[in-house]
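> can't give you the sequence, but here's the structure:
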C-alpha cells in the first residue's frame, strides 16, 4: 500500500525537462506556521519544466526534493517508480541521492535502476508499450531527504503537433511546486490553466515562456467505504470519484475536427474487415433481417467474446491494433474492441464511428487535446437512430452507457472533416424496468418463508451482472445478503437472505433475472393474540401504503417568477421506467374464513399509468402493483395533472385487509 501511494504521487511529476532548476521558495507566512511534521513525507519543492519544438518533439523533466519524516514515508520513498511509454519516450534518470542529517550523501548508482514492464503489460504484453523505471533508494532512513532529477525525451506522435496535460497533485503535501513551459513564439498554442494558481508568460527571442507556481498544504481524508452506507447503484457503478486536480492543458491542435481527423487516420487501415471478419459477421448476423437487429447481434458477440484488457487511452498506444489481430487474439483494450466492432458492422453494410470520451472528468471544449480522453467506444446509426455502443463493459444492454458516460461531451470521429464534440444521451434507448415477484408462506407467528425473483433492465442489471462475473457464488451470496438486509428493513425486519443467484447469466441481451430466498418476520403482519377463535393474517396499513410504488415519484417543484409568484417547474421522472411488484402469500389460519372482496384500480395519464389489485384466494393473499412512467420528464404545464395522479394513486389504496373468521 505504501508503494502504491508513492506510485500515485510521483509519476505525474516526471513530465518536465532536464534544465529545470530549483526555484526560490515562495512559501507564504501561513505555510511556515503550519506543522507538517507528522506527514509521512513532504515535498519541499518540485520545479518542473517542459520544452517543445515546432516538429512536435519535446523534453520534460523534473527535479524534486522530498523529506522523509516517518516510517510510513520511508516505505513510500524507498522505491521510486517512473512510468513512460516505450513507443515514443526515453527516460533518463540523471540522479537520485539521499542527504543525511549529518551532511553525508548516498548516491543511487546504475545498479539500483531496473527497467520493467508496467503491471498492465503482464496481462497483455503485445498490447502496450507501458514501462516503468524503478529506483531502489539506498541507505534511506526517517529524517533523510531524497532528491531526484529525471528527464523524459519524447518523439512527436504527429509531425508538427504537440500537446500535453500537467496535473498539480493534491494527494501529497507540496510546499513549493512550479511549472515552466517553453514553446516556439511563432506557434499558436491553445492553453488553459486552473483558476487560483499564479501564472505569467512572456516572450524571449523566438520563445514564449509560461510559468505557474502553487503549493498544496493539505491532503484529502482517507476514503471510508463504510461511512453512510447506502445502496446507490449509480455510485457503485461509477466507483470512487475524487475531485480532479488542477491542470494545465495545452495543444497545437486548433479544433476538435483536427483531433478527429488525426484519430481517423490512425484507425483507417485498422478497421478494414478481413475475409475472416466478414465470414464471422455473416455467420453471426445471418438470421437477422434489419440493420438494428444485425447491429445488436454483432455488439453482443464482441461484448462477450473479446476479453477486455484495461489500458488507459494512450497507455496502450493511441493507435488501435488491427481488427484482425484483435479478432484472432480474442482480447483488446477499449479502442481495440471498438475497432473490431466497427469492422464487423462495416462487413454488414453499416458504417460506424469511434467515440473518444473521458470517464473521469468533463472534457474541456476549449482545448482540443487528445489526452483529455481515456476511453473509446462506438457510434452507429441503426434504424435511423443514433446508437452509442460500449462493448468494453461486456454485460451492458444494447445502447447502454455507464452513468459517468451519459450526458457528457464526447468526440465522434466521423471522418467527414467537420467533427465536433457531441453530448451523449442522458436517457436509455430502452425502458428501464424493475419487476419483483414474491411467492411464499406466512405462519401464525407472521414469519415469511418465500422465494423472491427480481427481473431488471438498466443500471441495476449491469451491476448484478458485473458482480456475478467477478465474484464467486459464495462472495455474491454474502454481498447480496448484506445489501438486501440493509435495504429491506422496513418490510422484512431482520430477515435472512440466502441462495442469491443469477438465473440467466449467459444471455446479456435480456433483462437480468436473479432469485433469492427470504426468511424472517414480516413487519406488516399483526400476529399478536392469535388463537383458534381469532386467527392471524392481519395486514397492517403501513406496508400497503408503501406498496403503491408512487412513493418513488418526485414531488412537484416550483420557483418564484419575476413577480415573486410560484412558477411550476418540469418534473424529472428519469423515465421511461416500469416498476411492478407481485406478491402471493399463503397465510396459515386456524379456521376457515370468507375473504373480503377483491379491490382493483387503474389511473392513466399521458405521462404515466398506475394499477393495483388485491384479492384473496382461499388463505392466499395476492397483491399486484405496477407503475409505468412513459416519459422522462413531466412538462410544467402538466404539473396539476401530475400532482392529482400521485394523490389519486395514494388515495386508491385499501385500508387494512384482514382474513377474518366468518
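Yep, it's here. Keep in mind the model is a prediction, meaning the values are calculated, not measured. Numbers count the residues shown, from 1 in each chain.
> what number of residues lie near residue 637?
By other Cβ atoms under 10 Å, the residues close to residue 637 number 9. (Glycine included, C-beta is placed from N, CA and C.)
> wait, residue 450
For residue 450, using other Cβ under 10 Å, the count is 22.
> tell me which element it is part of?
Residue 450 belongs to strand 447-457 when assigned by DSSP states H and E.
> run the chain-centre distance for that strand.
Relative to the centre of its chain, strand 447-457 is centred 29 Å away, using Cα atoms, centre = their mean, to the nearest Å.
> for that strand, packing partners?
Contact analysis of strand 447-457 by 3 or more Cβ pairs under 8 Å, 6 or more residues apart in numbering; DSSP states H and E lists strand 432-442, strand 512-521 as its packing neighbours.
> including distance to residue 387, could those go into TSV?
Output for the helices and strands packed on strand 447-457, formatted as TSV (distance: least, Cβ to Cβ, whole Å):
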stretch	distance to residue 387
strand 432-442	17
strand 512-521	21
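> save those strands as CSV, and put in mean pLDDT and distance to residue 144 too.
Putting the helices and strands packed on strand 447-457 into CSV (pLDDT from 0 to 100; distance: least, Cβ to Cβ, whole Å) gives the following:
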stretch, mean pLDDT, distance to residue 144
strand 432-442, 92, 57
strand 512-521, 91, 55
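> to residue 586, which of those strands lies closest?
For the helices and strands packed on strand 447-457, distance to residue 586 was read as Cβ to Cβ. The smallest value, 4.6 Å, belongs to strand 432-442.
> any buried residues in the closest one, and which?
Of all the residues in strand 432-442, those buried under the rule 16 or more other Cβ atoms under 10 Å are 432-435, 437-438, 440, 442.
> wait, what's in contact with residue 586?
For residue 586, the contact set (Cβ atoms under 8 Å, 6 or more residues apart in numbering) comprises 440-442, 619-620.
> re earlier: ok, the strand holding residue 450: who's next to it in the sheet?
strand 432-442 (antiparallel), strand 512-521 (antiparallel) (DSSP bridges).
> what's it in contact with?
Against strand 447-457 from outside (Cβ under 8 Å, 6+ apart): 397, 430-443, 464, 492, 495, 503, 511-522, 585.
> just the terminal-to-terminal distance for stretch 283-291.
15 Å (Cα to Cα, to the nearest Å).
> identify all contacting residues around that stretch.
By Cβ under 8 Å, 6+ apart, the list of residues contacting stretch 283-291 reads 293-294, 296-298, 301, 344, 348-350, 382-383.
> give me the buried entries from these.
294, 296-298, 301, 344, 348, 350, 382.
> thinking again about what came up before, any chance of the contacts of residue 586 in JSON lines, plus distance to residue 168?
JSON lines is the format used below for the contacts of residue 586 (distance: Cβ to Cβ, whole Å):
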{"residue": "440", "distance to residue 168": "58"}
{"residue": "441", "distance to residue 168": "62"}
{"residue": "442", "distance to residue 168": "61"}
{"residue": "619", "distance to residue 168": "69"}
{"residue": "620", "distance to residue 168": "65"}
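> nearest to residue 167, of these?
Closest to residue 167, out of all of these and judged by Cβ to Cβ, is residue 440, at 54.4 Å.
> distance of that closest one from residue 477?
According to Cβ to Cβ, to the nearest Å, residue 440 and residue 477 sit 19 Å apart.
> circling back: just flag the most distant two among the contacts of residue 586.
440 and 619 (13.0 Å).
> can you read off the backbone torsions of residue 245?
Dihedral pair for residue 245: phi -70, psi 160, per degrees, to the nearest 10.
> around it, how many other residues sit close by?
Residue 245 has 15 nearby residues by other Cβ under 10 Å.
> so where's the stretch 351-500 of the chain uncertain?
The stretch 351-500 of the chain contains residues with pLDDT under 70 at 417, 487-493.
> then the stretch 551-662 of the chain?
In the stretch 551-662 of the chain, residues with pLDDT under 70: 589-598, 649-662.
> try 90
551-569, 573-575, 583, 585-601, 612-623, 639, 643-662 (pLDDT under 90).
> next: the stretch 1-150 of the chain.
In the stretch 1-150 of the chain, residues with pLDDT under 90: 1-38, 72-77, 82-88, 115-132.
> and the helices in it?
2-9, 29-33, 71-77 (DSSP state H, counting those that start in this stretch).
> of all residues in the protein, which one is nearest the centre?
The chain has residue 238 as the residue nearest its centroid, 3.1 Å off, counting by Cα atoms, centre = their mean.
> check whether that residue really touches residue 405, as I assumed.
No. Here residue 238 does not reach residue 405: they are 9.9 Å apart, not a contact under Cβ atoms under 8 Å.
> residues contacting residue 277?
323-324, 327, 340, 343-344, 347.
> so what's the closest residue to residue 257 other than its chain neighbours up against?
Distances taken as Cβ to Cβ, 6 or more residues apart in numbering put residue 419 closest to residue 257, at 4.9 Å, once the chain neighbours are dropped. Shown in contact with residue 419 (Cβ under 8 Å, 6+ apart): 256-257, 259-261, 411-413.
> taking the residues you listed, tell me the two that lie furthest apart.
Farthest pair in the contacts of residue 419 (Cβ to Cβ) is 261 and 412. Separation: 12.5 Å.
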